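> next input, structure requested:
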Amino acid sequence: MDLARLRTLRELAVRGTMAAVAEALLVSPSAVSQQIALLEGEMGTALVERRGRGVVLTLAGARLAEHAGAVIAILEEARTDLAAMRREVAGELRVAAFPSVAASLIPHAIRSASARYPALRISFEELEPAEGLAALRAWQADIAIVDDLTTAGPADGRIELAHLLDDTLHVMLPRGHPLAARPFVGLGDLRGEPFALDNASRDYAAVVVRACREAGFEPVVNGRCEGFEVVRALTAAGCSISVQPGLRATGDDAEIRFRELRPAMTRCISAAYRRGEARHPAVGAFLAALNDVVGAARREERLPTPGPPGPATAPTASGR
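So this is what the prediction gives:
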């Protein structure tokens, strides 16, 4: 059996659509269909069937995808074993992270690890936490940065987490906003305020909307943006307010004020990797670089230190 075709089938089982598989593998959807068709010919049975405009795996396809996952896992474990035996930090390491971490921590970690280990090639992809976990499971990433606010976390035992930091959410306000004079702001204080949401991070935006609803009001959204830059511009101009991660709250400036939410909304940010791969020299080296960067940022006060929680904690993606 052709390993590339098995990997394509496994990707389809994880990602669900031909288009998503094509995007992950950097090929065209027709190339994905061709790989599946060749594998069906090799196996002598149908592996997918049409459902409306999409496809689903047949029973045989689902079973073969399970075996493909096991085979690929064994090969990855062999790669890790050999790398651990060599104790050489080299080769390619694929890292995924969501925007606020990607902007504040990842560049420093890549620079540090690359300077220390010149033979290590680090590639980065910006992915939301759920997408990063999917990339890990599909062997498209080696480390994914995730949080417990937008994802329930891995539950299948194949993924391990290493805690990096806790991040407390802040309200981002125009400089002259009345709430900017307060040391803290409650969600209820934002009733009737015009919100700008970053829809490039849809899961995070959904968390903010859900938290407002649980605080007893429907947020008035006057800005649906595809990135933090526009959210910030709307806020600076006095058009909107926003709720942003603490990683974005690097201090007040001439246009913007950040105020911590009370009761606190805090998320736990972790590095996720496949079980057992922390012993891979490249994975271990990058995890160490990440922790060094977090520690240095704390010492230099480039990361806000979470204050004491209020009388209640915020809801998470699991509904708490």
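> now the strands for this protein?
Counting by DSSP state E, residue ranges of the strands within the chain are 48-51, 54-57, 91-97, 120-126, 143-147, 159-168, 170-174, 184-185, 194-198, 220-225, 242-244, 256-261, 266-274.
> where does pLDDT dip in the stretch 51-200 of the chain?
Where the stretch 51-200 of the chain drops to pLDDT under 70, the residues are 80-87, 153-156.
> contacting residues around the spatially most central residue of the chain?
Taking Cα atoms, centre = their mean as the criterion, residue 129 is the residue nearest the geometric centre of the chain, at 2.3 Å. Shown here is residue 129, whose contacts under the criterion Cβ atoms under 8 Å, 6 or more residues apart in numbering are 98, 144, 145, 146, 147, 150, 151, 203. (C-beta placed from N, C-alpha, C; glycine too.)
> for this protein, longest helix please?
Among all segments of the chain classified by DSSP state H, the helix with the greatest residue count is helix 59-86.
> and that one, what does it pack onto?
With contacts defined as 3 or more Cβ pairs under 8 Å, 6 or more residues apart in numbering; DSSP states H and E, the packing partners of helix 59-86 are helix 3-15, helix 29-43, helix 281-299.
> possible to save these as TSV with mean pLDDT?
Output for the helices and strands packed on helix 59-86, formatted as TSV (pLDDT from 0 to 100):
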stretch	mean pLDDT
helix 3-15	84
helix 29-43	87
helix 281-299	91
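> which of the ones you listed sits most buried?
For the helices and strands packed on helix 59-86, the stretch with the most neighbours on average is helix 3-15, a mean of 21; neighbours defined as mean count of other Cβ atoms under 10 Å.
> find the nearest non-adjacent residue to residue 135, please.
By the measure of Cβ to Cβ, 6 or more residues apart in numbering, the closest residue to residue 135 outside its immediate chain neighbours is residue 141, 3.8 Å from it.
> you'd agree the one you found is up against residue 131?
No: between residue 141 and residue 131 no contact is recorded; they are 9.2 Å apart, counting by Cβ atoms under 8 Å.
> mutual contacts of these two, please.
Contacts common to residue 141 and residue 131, judged by Cβ under 8 Å, 6+ apart, are residue 96.
> which one's more surrounded, those two?
residue 141 (27 against 22; other Cβ atoms under 10 Å).
> list the contacts of the more buried one.
Under the criterion of Cβ under 8 Å, 6+ apart, the contact partners of residue 141 comprise 94, 95, 96, 125, 127, 132, 135.
> which one of the residues you listed is nearest to residue 196?
Ranked by distance to residue 196 (Cβ to Cβ), those are led by residue 127 at 22.7 Å.
> please name whichever of the strands of the chain is nearest to residue 16.
With distances scored as Cβ to Cβ, the stretch of the strands of the chain nearest to residue 16 is strand 54-57 (7.8 Å).
> list the helices and strands that closest one packs on?
In terms of contact count using 3+ Cβ pairs under 8 Å, 6+ apart, strand 54-57 is assigned the packing partners helix 3-15, strand 48-51.
> flag the shaky bits of the stretch 201-320 of the chain, pLDDT-wise.
Regions of the stretch 201-320 of the chain meeting the criterion pLDDT under 70 cover residues 251, 301-320.
> what's the burial count for residue 64?
The criterion is other Cβ under 10 Å. On that basis, residue 64 has 22 neighbouring residues.
> distance of it from residue 191?
53 Å (Cβ to Cβ, to the nearest Å).
> any idea what the closest residue to the residue nearest to the centre of the chain other than its chain neighbours is bridged to?
In space, and not counting its chain neighbours, residue 129 is closest to residue 146: 3.9 Å by Cβ to Cβ, 6+ apart. Taking DSSP bridges as the rule, residue 146 bridges to residue 270.
> pretty sure residue 261 contacts residue 244?
No: shown here, residue 261 and residue 244 do not form a contact pair, counting by Cβ under 8 Å, at 10.1 Å.
> could you check how many residues crowd around the residue nearest to residue 129?
Neighbour tally, residue 146, other Cβ under 10 Å: 30.
> list the contacts for it?
Shown here is residue 146, whose contacts under the criterion Cβ under 8 Å, 6+ apart are 98, 129, 132, 133, 153, 161, 269, 270, 271, 272.
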